[in-house]
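Colleague: Make a model of this:
(chains A, B, C and D)
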There are 2 protein chains.
Amino acid sequence: MTTETARPAEPERVRAPNIRDVARVAGVSYQTVSRVLNDSPNIRTETLQRVRDAIDELGYRPNQAARALVTSRSRTIGVLSAQTVHYGPATAINAIENSARDAGYRLSITNISSSDYASIKSGLDYLMSQSIEALVVLAPQVRVFEAINDLQVGVPFVTLEATGLTTSHSLWVDQVMGARMATRHLIDLGHTEIMHISGPQDWIEAEARMQGFLRELSDADLRTRAPILGDWTASFGYYAGLELLRYRDFSAVFVGNDQMALGFMHACRESGLSVPDDISIVGFDDIPESAHFAPPLTTVRQNFAEIGRRAVALLLGELRGETEMSHDPVQPELIVRQSTGRLT
Amino acid sequence: MTTETARPAEPERVRAPNIRDVARVAGVSYQTVSRVLNDSPNIRTETLQRVRDAIDELGYRPNQAARALVTSRSRTIGVLSAQTVHYGPATAINAIENSARDAGYRLSITNISSSDYASIKSGLDYLMSQSIEALVVLAPQVRVFEAINDLQVGVPFVTLEATGLTTSHSLWVDQVMGARMATRHLIDLGHTEIMHISGPQDWIEAEARMQGFLRELSDADLRTRAPILGDWTASFGYYAGLELLRYRDFSAVFVGNDQMALGFMHACRESGLSVPDDISIVGFDDIPESAHFAPPLTTVRQNFAEIGRRAVALLLGELRGETEMSHDPVQPELIVRQSTGRLT
DNA sequence: TGCGCCGATGTGAACGTACACATCGCGACG
DNA sequence: CGTCGCGATGTGTACGTTCACATCGGCGCA
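Modeller: Modelled structure (predicted):
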């Protein structure tokens, strides 16, 4: 880790060169420089070259603040996120950034630490003051919707990882379907006593997966039992597992994400139980590590990158005034590995 | 996923209220409004209240671009990062954001996709045009240093996760030391034939861990062998493991990160080998999942959050003109779990 | 009572850029 | 041969805010 100030011994603060400085050096008007910067046609090649040389010589960089001020176009997409350490959001943000960059947009990311209304509002407030042109919400908490409505976000926005709950246009990963696929898989293997470890209550995704689980069970006329509410961490899965396995009145578990599934498998090992011989386990997300768990985890793959790309495409389309966009849900995919087996 | 435009049927584009609109409504001058916004003292309580009411009534939000333009203070810290999907960088960014937020700063994050000079330069260029006040580099690639020097980044900057290679002030996680601790641990357990799976060649961290490994081995007069260069992924660890275990002319492996270690353990299982009875494995990073691997992984913990916090503290200190700052390396910590055992 | 100071507020300018419009020279066309 | 059109360039102004300075009233003090 290194730190360094650029001008150690420079008394007067050197003003960064501006468009007029460039103009002076190039011997043209500032407007001509502006034209060069904005790729305007109708510039003599020789003039163009002179301006370019001047820019290089001075190390000139256009001032985004000034540009944003005058155009009132920030070329920025706001992202309101939570839990960016997790694989899903992180992957989605990556995809969003790449798509945005390709379209000449940048990202302004704000992480909300807690999920209370005030912190959502302040995050949103901050983003708005950046005069973002569009908004992606990656914080799949229920209260976010209220906040968005209250605050009158005056820009197109997209909420990711939700469940198509909201009115108007909808596009989302069909997590209910994913959960049903996972549960169905267990039922098909002959399991009748199935547990569910879910995510935190205020996460829309957790809710959706729980719904899918319960619906599939009831469609199969199987006994449903109250899901355990977890916190997405491997540790929670571990401790919940230790607790649940003391009774062992179930033969399969559908776990709300892969990390908790990992912890649960750890608990199984410690309890002397074999996965999948004694207990079958299905996770959710298909993080890259899941293929290498012991045993490799059967799970539901979500295409986070695809979702990120589509979000940006949607938003950009709307900014261009196109209204007809595909809003089909992204279909999750069941990846069967070795953590699930036929009930013996 | 939901999308919605704010004003569906509003022909003329409504200009957002500005400071003068607020002033008019409150019946004061715009300067007084500005004072309210900047918490200036010496404002009559009644005036203050009137202005506040006007702000609420109009839903006024200060325009950051205008503010940045005139103050030439963007209140923004730039972050140049790579691989934000990984746990380490993600955690660090989180900590950086929190610290920055507490100090009234925001983050402008740019991810570089590839590590070639052009893409580093363009990322840096972009950040500079945002008139960032300070820079954190989380992209621990060798070429970044050249780029920073070439581009004359006119602001204080900090490079994270490096190795104290650079001149001037230095602060970093002592990864050489971490690697030595890991290697030492294996040596202490009686292992003499130790492999190393490293990260990509152009990552400074990978290089540092490799150095630590080699030095510790040579200090112990043990045979060194060429490390395998990996890509940080679990899959790589798995395939490398399958390959290496065909010969099995070693009894222990120091793996460059926890994900690759996970893959390697998978390969051990498939090759019918027990960890730690047949092969001892040490990872690096201590991601939250490592405690639940099969078996729980012995690894070197890095305090990513601490590093992020210190980076911001350092930068903010420098912005305030303080020059004396602690630049001690952050010490990593060996976490001994069950993937390592005495050579039998 | 007059002077100076201070608290509270207002006025002018500047930040760096893009847009609208003005200007200028030149070739083509009737 | 005048003028029209157009390519190439220049001039004025606005964007929304903060800073430096100006103003104004009242209060304490000699």
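
Colleague: Tell me where chain A has helices.
Modeller: Taking DSSP state H as the criterion, chain A contains helices spanning A:19-26, A:30-37, A:45-58, A:64-71, A:87-102, A:117-129, A:142-151, A:175-188, A:204-219, A:234-244, A:258-270, A:304-319.

Colleague: wait, which of these is closest to residue B:245?
Modeller: Within those, the stretch nearest residue B:245 is helix A:258-270; the backing value is 21.9 Å (CB to CB). Any C-beta I mention is one placed from the backbone N, CA and C, and that applies to glycine too.

Colleague: Contacts for stretch A:67-75, please.
Modeller: By CB atoms under 8 Å, 6 or more residues apart in numbering or on different chains, the surrounding residues in contact with stretch A:67-75 are A:104, A:105, A:106, A:130, A:131, A:132, A:133, B:63, B:65, B:66, B:69.

Colleague: out of the residues you listed, which is most surrounded?
Modeller: When neighbours are counted by other CB atoms under 10 Å in any protein chain shown, residue A:132 leads the contacts of stretch A:67-75 with 25 neighbours.

Colleague: I'd guessed that residue sits against residue A:76; true?
Modeller: Yes. Look at residue A:132 against residue A:76 with CB atoms under 8 Å: they come within range, at 5.0 Å.

Colleague: quick one: common contacting residues for those two?
Modeller: residue A:108.

Colleague: what's near enough to touch the residue nearest to the spatial centre of chain A?
Modeller: By CA atoms, centre = their mean, chain A has its centre lying nearest to residue A:89, at 3.1 Å. Under the criterion of CB under 8 Å, 6+ apart, the neighbours of residue A:89 are A:81, A:82, A:83, A:138, A:304.

Colleague: Of these, which pair is most distant in space?
Modeller: In the contacts of residue A:89, two members sit farther apart than any others by CB to CB. They are A:82 and A:304, at 14.6 Å.

Colleague: ok, these two, which is more surrounded?
Modeller: residue A:304 (28 against 22).

Colleague: Roughly how far does the more buried one sit from residue A:261?
Modeller: Distance of residue A:304 to residue A:261, given as CB to CB, to the nearest Å: 17 Å.

Colleague: Repeat that for residue A:297.
Modeller: For residue A:297, the distance to residue A:261 - CB to CB - is 6 Å.

Colleague: what is in contact with those two at once?
Modeller: Jointly contacting residue A:297 and residue A:261 under the rule CB under 8 Å, 6+ apart are A:281, A:282, A:283, A:290, A:339.

Colleague: contacting residues for the fourth one?
Modeller: Residue A:290 is in contact with A:258, A:261, A:262, A:283, A:296, A:297, A:299, A:335, A:337, counting by CB under 8 Å, 6+ apart.

Colleague: The last one too?
Modeller: Listed by CB under 8 Å, 6+ apart, the contact set of residue A:339 reads A:261, A:265, A:275-276, A:280-283, A:293, A:295-298.

Colleague: before we move on, what about the first one?
Modeller: With contacts defined as CB under 8 Å, 6+ apart, the neighbours of residue A:281 are A:252, A:253, A:255, A:261, A:264, A:265, A:268, A:275, A:297, A:298, A:339, A:340.

Colleague: And for the second one?
Modeller: Residue A:282 makes contact with A:182-183, A:185-186, A:252-255, A:261, A:297-300, A:339-340 under the criterion CB under 8 Å, 6+ apart.

Colleague: How about the residues of the stretch 201-344 of chain A by chain B?
Modeller: For the stretch 201-344 of chain A, the contact set with chain B under CB under 8 Å from any CB of the partner chain comprises A:233-235, A:237-238, A:259, A:262-263, A:265-266, A:269, A:288-289, A:291-294, A:296, A:307, A:310-311, A:314-315, A:318, A:325, A:327, A:329.

Colleague: so how many other residues sit close to residue A:314?
Modeller: By other CB under 10 Å, neighbour count at residue A:314 equals 23.

Colleague: surely it meets residue A:158?
Modeller: Yes. Residue A:314 is within contact range of residue A:158, at 5.7 Å (criterion: CB under 8 Å).

Colleague: do you know how far the nearest residue to residue A:313 once chain neighbours are set aside is from residue A:77?
Modeller: Once flanking residues are discounted, residue A:313 sits nearest to residue A:99: 6.9 Å by CB to CB, 6 or more residues apart in numbering or on different chains. Noted for residue A:99: a distance of 9 Å to residue A:77, by CB to CB.
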